[in-house]
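Peer 1: Sequence plus the predicted model coming up.
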Amino acid sequence: MGCSIIVYIKKTFSLALILNSFITLATITGILYGVYHSNWKPYAPYLISGNLFLVVAAAALINIFPSAAIGRCLHTGRLWFHHYVYGAFVLLSSAFYIIAFTSVSLVALFLINSSNIAVNAGRFFALTGLTLFIDDLPDVSKRIESTLNKIKAGFCHIRKAIYILQLITGSISLYVFLAVVLSFSHKTSLTISNFLTMSTFLITSITSFALVKRKAWLKITPPQISQSQH
């Protein structure tokens with residue numbers, strides 16, 4: 001019983017790390033839209049360039065694969081369905097909720113700066129559904145699993161470079177986090193959106209450093225691709 005609880009805790013932790021990466025990417029999408037569309041200079045003068053958010057986005061992307069690997073090696077079983085089914089259900093439900101109860105279009109969902117609770121709830125559940133779906137993507141079909149294995153095999157050839165890149169992007173993510181904190185320190189009050197922005201950048205940088213310390217990318221091995229998958 002105790003062992004199974006630990007397994008579920010690790011799986012939840014894995015999903016939480018993936019979700020944070022998606023939240024980071026969604027947050028950066030909105031910021032970069034303001035940077036390139038409205039010539040906004042975010043968090044000046046502490047942040048030297050808005051283009052550094054592209055580096056933070058790279059850190060989030062690099063973190064996804066080893067974060068998912070933490071949960072993929074665990075055997076949690078399933079309740080009635082694979083959790084990609086639940087992920088798809090949450091995604092569709094979120095889309096319906098956003099269309100029915102907010103004035104924001106699905107296309108612009110992550111491009112606008114909004115403190116509206118309904119909009120941000122829609123964003124969160126949409127990203128949660130995406131997390132469940134992506135994490136279980138290899139189980140959708142053998143063809144998808146084969147394609148993902150080939151991609152993984154390709155990454156294995158450059159894993160040392162990705163390992164070094166993870167350290168660099170994690171360090172820059174930490175600098176961006178500090179710039180955001182210094183910028184918000186002059187404000188009399190913080191919104192939930194502001195707090196989420198700071199938190200997700202901090203977690204992204206900490207995750208990068210933790211995975212570098214564990215040498216997660218260096219430990220990734222090429223998958224065994226069966227003849228039936230060719």
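Peer 2: Done, it's in. Residues are numbered from 1 along each chain as shown.
Peer 1: Find the helix or strand that the nearest residue to residue 140 once chain neighbours are set aside is a member of.
Peer 2: Closest residue in space to residue 140, ignoring its immediate chain neighbours: residue 84 at 5.7 Å, by C-beta to C-beta, 6 or more residues apart in numbering. Quick note: C-beta positions are derived from backbone N, CA and C, even for glycine. Counting by DSSP states H and E, the element that carries residue 84 is helix 83-101.
Peer 1: got it, and residue 34?
Peer 2: Counting by DSSP H and E, residue 34 is part of helix 2-37.
Peer 1: Helix or strand next in line after that helix, which one?
Peer 2: With DSSP H and E, the next secondary element past helix 2-37 is helix 52-72.
Peer 1: Which other helices and strands does that following helix contact?
Peer 2: helix 2-37, helix 117-135, helix 159-184, helix 192-213 (3 or more C-beta pairs under 8 Å, 6 or more residues apart in numbering; DSSP states H and E).
Peer 1: What distance do you get for residue 19 to residue 207?
Peer 2: Distance, residue 19 to residue 207, by C-beta to C-beta, to the nearest Å: 11 Å.
Peer 1: Would you mind telling me which of these two has the busier surroundings?
Peer 2: Set residue 19 next to residue 207 and count neighbours by other C-beta atoms under 10 Å: residue 207 wins out with 26 against 21.
Peer 1: Measure how the helix holding residue 34 sits relative to helix 52-72, angle-wise.
Peer 2: 160 degrees (axes from the mean of the first three to the mean of the last three C-alpha atoms, to 10 degrees).
Peer 1: what is the orientation angle of helix 2-37 with helix 159-184?
Peer 2: Going by the same axes, to 10 degrees, helix 2-37 makes 70 degrees with helix 159-184.
Peer 1: Counting neighbours, which bits of helix 2-37 end up buried?
Peer 2: 11, 14-15, 17-28, 30-35 (16 or more other C-beta atoms under 10 Å).
Peer 1: where does the protein dip in pLDDT?
Peer 2: For the chain, the stretches with pLDDT under 70 are 1-3, 73-81, 188, 224-230.
Peer 1: can you do 80?
Peer 2: Counting by pLDDT under 80, the chain contains low-confidence ranges at 1-8, 71-84, 113-115, 136-141, 144, 186-192, 222-230.
Peer 1: quick one on the thing from earlier: reformat the helices and strands packed on helix 52-72 as a markdown table; add distance to residue 91.
Peer 2: Below are the helices and strands packed on helix 52-72 laid out as a markdown table (distance: least, C-beta to C-beta, whole Å):
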| stretch | distance to residue 91 |
| --- | --- |
| helix 2-37 | 12 |
| helix 117-135 | 4 |
| helix 159-184 | 27 |
| helix 192-213 | 20 |
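Peer 1: between those helices, which one is nearest to residue 101?
Peer 2: Closest of those to residue 101 is helix 117-135, at 5.6 Å (criterion: C-beta to C-beta).
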